[in-house]
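*Asks:* Provided below are the primary sequence and the corresponding predicted coordinates.
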Number of protein chains: 2
Amino acid sequence: MDSCVIPLRGGLSLVQTTDFFYPLVEDPYMMGRIACANVLSDLYAMGITDCDNMLMLLSISQKMNEEEREKIMPLMVKGFRDAAEEGGTSVTGGHTVINPWIIIGGVATVVCQPNEFIMPDNAVPGDVLVLTKPLGTQVAVNAHQWLDNPERWNKIKLVVSKEDVELAYQEAMFNMAMLNRTAAGLMHTFNAHAATDITGFGILGHAWNLAKQQRNEVSFVIHNLPIIAKMAAVSKASGRFGLLQGTSAETSGGLLICLPREQAARFCAEIKSPKYGEGHQAWIIGIVEKGNQTARIIDKPRIIEVMPRGGALHHDNSETFGNSHE
Amino acid sequence: MDSCVIPLRGGLSLVQTTDFFYPLVEDPYMMGRIACANVLSDLYAMGITDCDNMLMLLSISQKMNEEEREKIMPLMVKGFRDAAEEGGTSVTGGHTVINPWIIIGGVATVVCQPNEFIMPDNAVPGDVLVLTKPLGTQVAVNAHQWLDNPERWNKIKLVVSKEDVELAYQEAMFNMAMLNRTAAGLMHTFNAHAATDITGFGILGHAWNLAKQQRNEVSFVIHNLPIIAKMAAVSKASGRFGLLQGTSAETSGGLLICLPREQAARFCAEIKSPKYGEGHQAWIIGIVEKGNQTARIIDKPRIIEVMPRGGALHHDNSETFGNSHE
C-alpha cells in the first residue's frame, strides 16, 4: 500500500507515509512544491483528503556556498510549506542535515475513521481504470537537461524542437507540483474501489502492484496512455525510459483509480470543473477484467498527446476510451 | 520541543518526531539500534513510553559494492527493528534511496491522551536536574577513530591508553543504543516537571533550550558532569569538543529531567533496579533556581568519571550532588 494503516484505540486509524528524494527541476520553489505533493500523494491515493500533520526532511548540500544556501533553501522550504497549506495542513517539525546532495522530503500523518479512507483492494471485473495526470514527467525533465548536452540532444532533435521540450518541461513541472487532493475527494463521490499513485515504477509497475493487492480475481488491462505532448516520440528516439512500455519512472504522478464503469466518465468530467481550480484532467485508460492479479498494456496502446495548458490536441476525456463506457 | 504535538478530534493528541543521521560506529547492527533509540528518545523526553508506529528512513551509499550492501544494510535494518521491538513498537514502512553517504533514521508517531505525555514547561525553583546517561559519546567515538590517526593520537596519548579508548567506545556504544524508555516511565512515577533529551547541542545547549521553554521564572545551574571515564581528559588534551563547557555534541544521549528535589534521589535509585534490566544509571547534576530562562555550568563542575559496566569509580547516584537533596 502507499501508506501504512495502524489501528488505534477507539476505532481510529493512524495512516502515514514518508518519501524523500533529490531535486529534479531547477526552480527550488517548484521543487519544494513537488516534494510536498509527492508525499501527500500517498495519502490521497487512499482517498484521504485531510492531513493532520507534516514533518519536513531536508539535507543541505555541503557543496553549496553560504550564498547559494541562503538563496536556494528558503525557497525550497517555502514551496514545500505552500503546497502543504494548499493541502490544508502545515509543517510542524522535521530534521535537517548536511549531505553531499540536496534531499527534500517529508512525512504525512493523519488519524481518521475507517470510512475516511478507501482500502485499495476492492476492484471488480467491469471496473475501468482512470489516470489523473499525464505520463512522461521523467522524459520531459531529462529532455530538458539534454538541451545542454549535444550528444544526447542529437538523438532526439529530429522528433522534437527546443520549444516543444521547454513546453513539456513546464507541463511536467506543473503536473508534478499539483496535489492529487481533488482526485482523492472525488474517489468518495464516485465510489472508487481501489487506487494508487504513479511514481518510480511507472504506470505498469504501479498497476501491477495494485492488481496484486486485489481481493477479487482481477487483472488490469491498459489501452490508452495519456502522455505529455511529444514525449512519446522522445522516449522512442532516445532508446531509453520505456515510456510506451509503461516502465518509465514518474515523479509525483497522478492517481490510478479503479472506478465502476458508469461512474468513471462522470469522474473525468467532474474533475475538470472550474470549482476545483485550473488544470485538473483525467482519462479513462483501461479496464478491469477477470484474471489473476496481473497488469498489462495492450500491444499498440493509443497515445493521447496531452498538450500544454490551453492546448487542444487531445480528445475530450470522456471520449478517450472509445465506446467502452457508453 | 523534542516532538510536535497536534490536537486531534476527541481530545487525543498526535505526537511525532523524526531524526536521521550518518553512521558513527563501525558495527552496523549497533548503528541501527542507535538510530532507533535516537528517534524514540524524542518521545521518551515527553514521558511517552509507547510508540504506535515507526517508519524507517534509509539511504544506501552509492560507493558500496553489491557485497557490502548485502552484508551491511540488513544488519543495520535489523538493529533498528530490534530496538523498535524493545520499545514495544514496530516498523511498518519507510523509504530508501541511494546517496553518496549512508543515512539511517526514522519517524516515531503516537496518538495519546493528554495525561500520557508531560509538557516540558513546568520546572519550578527548588527542582533538581537529573541526567540518565553519561556524557562524552562523541569524544569517545572520535578518540576511537584516532587510534588509526597518529597525528591526532599523539595529542591525547599522554592522558589515555588504547585500552581506555576501547572501553570508552564500547561504553558510548552501549549507552547510545540504550532506550530512554525506562526513564520515560519513571518521569510519571516521580512527577517530572519537564525534560529533554541530550543530542547535538550538548548538555548546555539542550539545558538552555529547555530553560527557555519554562512557564515559570527559572534558570538551570549544572554542578556535576557525569562523563564516560577518561573522556574529560581526552576532550581537554585534544583542544576540541568543549565537553567540560557542555557544548560537545552527544548522540542518543540521556534525558535531562527536572524533578522535585525529594523525588530525584528516589528516581536515581529506582532506575538502577534490576527489574528494568542492566545498565541504567542516573545522576543529579544540578538545580533549578529562580531566574530568567537561562542555563549555565558552574565554574569548576565536579567531573564524575563513569566507569565501563561493572566499574565502581563513581559515587552512588544518590550521593553525587553533595547535600543538595538531604
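*Replies:* Okay, I see it.

*Asks:* list the contacts for A:Met119?
*Replies:* Contacts for A:Met119 (C-beta atoms under 8 Å, 6 or more residues apart in numbering or on different chains) come out as A:Val5, A:Met46, A:Ala194. Any C-beta I mention is one placed from the backbone N, CA and C, and that applies to glycine too.

*Asks:* how about the second one: what's its closest non-neighbour residue?
*Replies:* I take that to be A:Met46. Distances taken as C-beta to C-beta, 6 or more residues apart in numbering or on different chains put A:Phe117 closest to A:Met46, at 4.4 Å, once the chain neighbours are dropped.

*Asks:* hmm, that neighbour is touching A:Ile48, no?
*Replies:* Yes - judged on C-beta atoms under 8 Å, A:Phe117 makes contact with A:Ile48 at a distance of 5.0 Å.

*Asks:* of the two, which one has the most company?
*Replies:* A:Ile48 (26 against 22; other C-beta atoms under 10 Å in any protein chain shown).

*Asks:* confirm A:Ile257 sits in a strand?
*Replies:* Yes - looking at A:Ile257 with DSSP: H, G, I helix; E, B strand; the rest coil, it is inside a strand.

*Asks:* name whatever forms a beta bridge with it.
*Replies:* Taking DSSP bridges as the rule, A:Ile257 bridges to A:Val130, A:Ala195.

*Asks:* alpha carbons only: can I get stretch A:270-278 in CSV?
*Replies:* Taking C-alpha atoms only, stretch A:270-278 is exported to CSV below (Å, rounded to 0.1, in the frame of the first residue of the first chain):
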residue,chain,number,x,y,z
GLU,A,270,-16.3,16.5,-12.8
ILE,A,271,-12.6,16.9,-12.1
LYS,A,272,-12.4,19.5,-14.9
SER,A,273,-15.0,21.7,-13.2
PRO,A,274,-13.7,25.2,-12.6
LYS,A,275,-14.7,24.9,-8.9
TYR,A,276,-11.6,22.7,-8.3
GLY,A,277,-9.2,25.3,-9.9
GLU,A,278,-7.2,25.2,-13.0
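
*Asks:* hmm, who's touching that stretch?
*Replies:* A:Thr132, A:Thr182, A:Ala183, A:Leu186, A:Thr189, A:Phe190, A:His280, A:Gln281, A:Ala282, A:Arg309, A:Asn317.

*Asks:* give me the buried positions along it.
*Replies:* For stretch A:270-278, a neighbour-count test (16 or more other C-beta atoms under 10 Å in any protein chain shown) marks A:Glu270, A:Ile271 as buried.

*Asks:* state the mean pLDDT of it.
*Replies:* Stretch A:270-278 carries an average pLDDT of 91.

*Asks:* host element of A:Glu166?
*Replies:* helix A:162-177 (DSSP states H and E).

*Asks:* meant to ask about A:Glu68
*Replies:* A:Glu68 belongs to helix A:66-86, assigned by DSSP H and E.

*Asks:* okay, now the sheet partners of the helix or strand following that helix, with direction.
*Replies:* Next helix or strand after helix A:66-86 toward the C-terminus (DSSP H and E): strand A:91-99. Each strand paired with strand A:91-99, and its direction, by DSSP bridges: strand A:53-61 (parallel).

*Asks:* quick one, phi/psi of A:Gln281?
*Replies:* A:Gln281 adopts backbone torsions of phi -140, psi 160, taken as degrees, to the nearest 10.

*Asks:* quick one: list the elements packing against the helix or strand hosting A:Gly32.
*Replies:* A:Gly32 is part of helix A:28-44 when elements are defined by DSSP H and E. If you count contacts as 3 or more C-beta pairs under 8 Å, 6 or more residues apart in numbering or on different chains; DSSP states H and E, helix A:28-44 packs onto strand A:13-21, strand A:53-61, helix A:66-86, strand A:103-112, helix A:162-177, helix A:181-189, strand A:194-197.

*Asks:* hey, which of the ones you listed is tucked in deepest?
*Replies:* Comparing the helices and strands packed on helix A:28-44 on average neighbours per residue, with mean count of other C-beta atoms under 10 Å in any protein chain shown, the densest one is strand A:194-197 at a mean of 27.

*Asks:* so what does that one touch, helix or strand wise?
*Replies:* Using 3+ C-beta pairs under 8 Å, 6+ apart, the elements in contact with strand A:194-197 are helix A:28-44, helix A:202-212, strand A:255-259.

*Asks:* please report how far the residue nearest to A:Met46 lies from chain B.
*Replies:* Distance of A:Phe117 to chain B, computed by C-beta to the nearest C-beta, to the nearest Å: 15 Å.

*Asks:* which residues are in contact with that residue?
*Replies:* Contacts here follow C-beta under 8 Å, 6+ apart; on that basis A:Phe117 touches A:Val5, A:Ser13, A:Val15, A:Met46, A:Gly47, A:Ile48.

*Asks:* how about A:Leu14?
*Replies:* A:Val5, A:Ile6, A:Pro7, A:Leu8, A:Thr109, A:Val110, A:Val111, B:Asp52, B:Asn53, B:Thr109, B:Val111.

*Asks:* TSV for the helices and strands packed on helix A:28-44, including mean pLDDT?
*Replies:* Compiled in TSV, those are given as follows (pLDDT from 0 to 100):
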stretch	mean pLDDT
strand A:13-21	91
strand A:53-61	93
helix A:66-86	95
strand A:103-112	94
helix A:162-177	96
helix A:181-189	97
strand A:194-197	98
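
*Asks:* now the ones you listed as JSON lines including distance to A:Gln145?
*Replies:* As requested, these are exported to JSON lines (distance: least, C-beta to C-beta, whole Å):
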{"stretch": "strand A:13-21", "distance to A:Gln145": "16"}
{"stretch": "strand A:53-61", "distance to A:Gln145": "18"}
{"stretch": "helix A:66-86", "distance to A:Gln145": "18"}
{"stretch": "strand A:103-112", "distance to A:Gln145": "19"}
{"stretch": "helix A:162-177", "distance to A:Gln145": "9"}
{"stretch": "helix A:181-189", "distance to A:Gln145": "29"}
{"stretch": "strand A:194-197", "distance to A:Gln145": "24"}
